[in-house]
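**Q** let me see the structure of the following:
(one chain, ligands or ions: 2)
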Amino acid sequence: MLIVMKPQASTAQIGAVVEKIHALGLAAHEIPGAQRVAIGITGNRGALDPEAFASLPGVADAIRVSQPFKLVSREVKEEDTVIEVGGSRLGGMGLAIIAGPCSVESEEQILEVARGVKESGATFLRGGAFKPRTSPYEFQGLGEAGLKLLALAREKTGLKVVTEVMDTEDLPLVADYADVLQLGARNMQNFSLLRRLGKLGKPVLLKRGASATIKEWLMAAEYIVSAGNYEVALCERGIRTFETMTRNTLDLNAVPVLKVLTHLPVIVDPSHGIGVRRHVPAMARAAIAAGADGLIIEVHPHPDQALSDGHQSLSLPEFADLMRAVRVIAGAIGRPV
Ligand code: PEP
Ligand code: MN
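**A** Numbers count the residues shown, from 1 in each chain. Ligands and ions are numbered 1, 2, ... in the order given. This next block holds a predicted model:
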């Protein structure tokens, strides 16, 4: 249920609605919005009676929310969520361009790539310090040393850092360094991690699980938001299908579908989505044309020497070319980059 307050509702009237919700043993969530105050109710097992709230002073309307994902749905919040990250943004008219290596490997590598992607127009730096690898024998990331190198790259370039957190144990450490915490595909339904991210005052980039439906993905986002953190961006990174010519199948259907269902920003990862370097630019262009709010792209100064995901990483000149094409498409649909 969503309680929409009248524009002139007083703080005391809002407080009285919240109190009534608490008295019923339910949770009240103030929905951030430019025009009006709205309060989402969660925790009820059966349907609530709108009349019980509609008659309270200061209430304009009490609306049933039909979707199972309540707080992330457009029914509850019409305006797009825009996440401010110290001068850069996820969501809104401008495109967020997150670029950098799959893994942080060395000071030289991360500084070269950070400077290069910034020059081409990236707005965030990505790089994994804790890596979820399919094989335990593959490079697992530099851990805290990698986080320190990301902080150094941020200091030198001003780019805000997006990096993955793999488990609750590492969360405080990763949160100390990251500007945006990436929750990887393999962890999309790690419910204890989702709840912990909900208590943290940092934005989250929530990647779609390789075999998660859009509904499951939105329910995962709901875990974070219902725990108190509204700063969630969704990232489509490809799903597992019967196709073997590509690493995954980038589900660009998800972009327009999500834009209707949710107010959260939608970022697309064509690097993991198709997993083949030469095809990444085409899918990046397609993602922007489909209405994505941004891209996350793997870029390495020497892709052939990368310790992870080199086969899908672009070189710096390839990334510069991609950005030129993306600018043309963004311009055609009226979005600045
Ligand atoms: C990554 O971004 O390098 C990564 C491991 O992504 P995903 O969780 O989408 O596989
Ligand atoms: Mn990767």
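**Q** in the protein, where's the longest helix?
**A** Counting residues, the longest helix found in the chain (DSSP state H) is helix 316-332.
**Q** quick one, phi/psi of whatever residue of the stretch 101-250 of the chain ends up closest to ligand 1?
**A** Per C-beta to the nearest ligand atom, the residue of the stretch 101-250 of the chain with the smallest distance to ligand 1 is Gly184, at 3.0 Å. No exception for glycine: its C-beta is placed from N, CA and C like everyone else's. When read as degrees, to the nearest 10, the backbone of Gly184 gives phi -70, psi 160.
**Q** what number of residues lie near it?
**A** Number of residues near Gly184 (other C-beta atoms under 10 Å) recorded here: 22.
**Q** okay but it is in contact with Glu164, surely?
**A** Yes - here Gly184 reaches Glu164: they are 5.3 Å apart, a contact under C-beta atoms under 8 Å.
**Q** where exactly do the strands run in the chain?
**A** 2-5, 27-31, 38-42, 59-63, 83-85, 88-90, 96-100, 124-126, 160-164, 180-183, 204-207, 232-236, 266-268, 294-298 (DSSP state E).
**Q** domain map for the protein?
**A** Following automatic domain parsing, one gets these domains for the chain: 2-63, 83-332.
**Q** lowest-confidence stretch among those domains?
**A** Here the lowest mean pLDDT among those goes to domain 2-63, at a mean of 92.
**Q** okay, now Arg133: neighbour count?
**A** Residues near Arg133, counting by other C-beta under 10 Å: 14.
**Q** the chain should start at 713 in everything you say after this.
**A** Sure, I'll start numbering at 713, so the last one becomes Arg845.
**Q** list the contacts for it?
**A** Phe851, Gln852, Ser1020 (C-beta atoms under 8 Å, 6 or more residues apart in numbering).
**Q** quick check on the first one: phi, psi?
**A** Right, Phe851. Main-chain dihedrals, Phe851, degrees, to the nearest 10: phi -50, psi 130.
**Q** please tell me how far it sits from ligand 2.
**A** Using C-beta to the ion, to the nearest Å, we find Phe851 at a distance of 11 Å from ligand 2.
**Q** so that residue sits against Ser1020, correct?
**A** Yes - counting by C-beta under 8 Å, Ser1020 is a contact partner of Phe851 at 5.6 Å.
**Q** need the residues touching each of the two.
**A** Ser815, Lys843, Arg845.
**Q** what does this protein put close to ligand 2?
**A** Listed as neighbours of ligand 2 in the chain under the rule C-beta under 5 Å from the ion: Cys814, Asp1021.
**Q** excluding chain neighbours, what is closest to whichever residue of the chain sits closest to ligand 2?
**A** Ligand 2 sits closest to Cys814 of the chain, with a gap of 3.3 Å, by C-beta to the ion. Spatially, and ignoring its direct neighbours in sequence, Cys814 is nearest to Asp1021 (3.7 Å; C-beta to C-beta, 6 or more residues apart in numbering).
**Q** quick check, nearest of the shared contacts of Phe851 and Ser1020 to Ser785?
**A** Lys843 (33.1 Å; C-beta to C-beta).
**Q** need the phi and psi values for that closest one.
**A** phi -110, psi 130.
**Q** nearest residue to Leu837 other than its sequence neighbours?
**A** Closest to Leu837 by C-beta to C-beta, 6+ apart is Leu871, at 4.1 Å.
**Q** check Glu817 too.
**A** Spatially, and ignoring its direct neighbours in sequence, Glu817 is nearest to Leu1019 (5.4 Å; C-beta to C-beta, 6+ apart).
**Q** from Gly853, how far off is that neighbour?
**A** 9 Å (C-beta to C-beta, to the nearest Å).
**Q** now do the shared contacts for these two.
**A** Ser815.
**Q** list the contacts of Asp888.
**A** Asp888 neighbours (C-beta under 8 Å, 6+ apart): Leu859.
**Q** neighbour-wise, which of Leu1019 and Gly853 wins?
**A** A count of neighbours by other C-beta under 10 Å puts Gly853 above the other of Leu1019 and Gly853, at 25 against 19.
**Q** now that one. Its backbone dihedrals?
**A** Dihedral angles (degrees, to the nearest 10) for Gly853: phi 100, psi 160.
**Q** OK, contacts around it?
**A** By C-beta under 8 Å, 6+ apart, the neighbours of Gly853 are Ser815, Val816, Gly840, Ala841, Phe842, Lys843.
**Q** deepest of the domains of the chain, which one?
**A** domain 795-1044 (a mean of 20; mean count of other C-beta atoms under 10 Å).
**Q** next, the distance between the ends of that one.
**A** 24 Å (C-alpha to C-alpha, to the nearest Å).
**Q** in the stretch 913-1049 of the chain, which spans are helices?
**A** Ranges of helices within the stretch 913-1049 of the chain are 926-938, 966-973, 982-986, 992-1002, 1028-1044, based on DSSP state H, counting those that start in this stretch.
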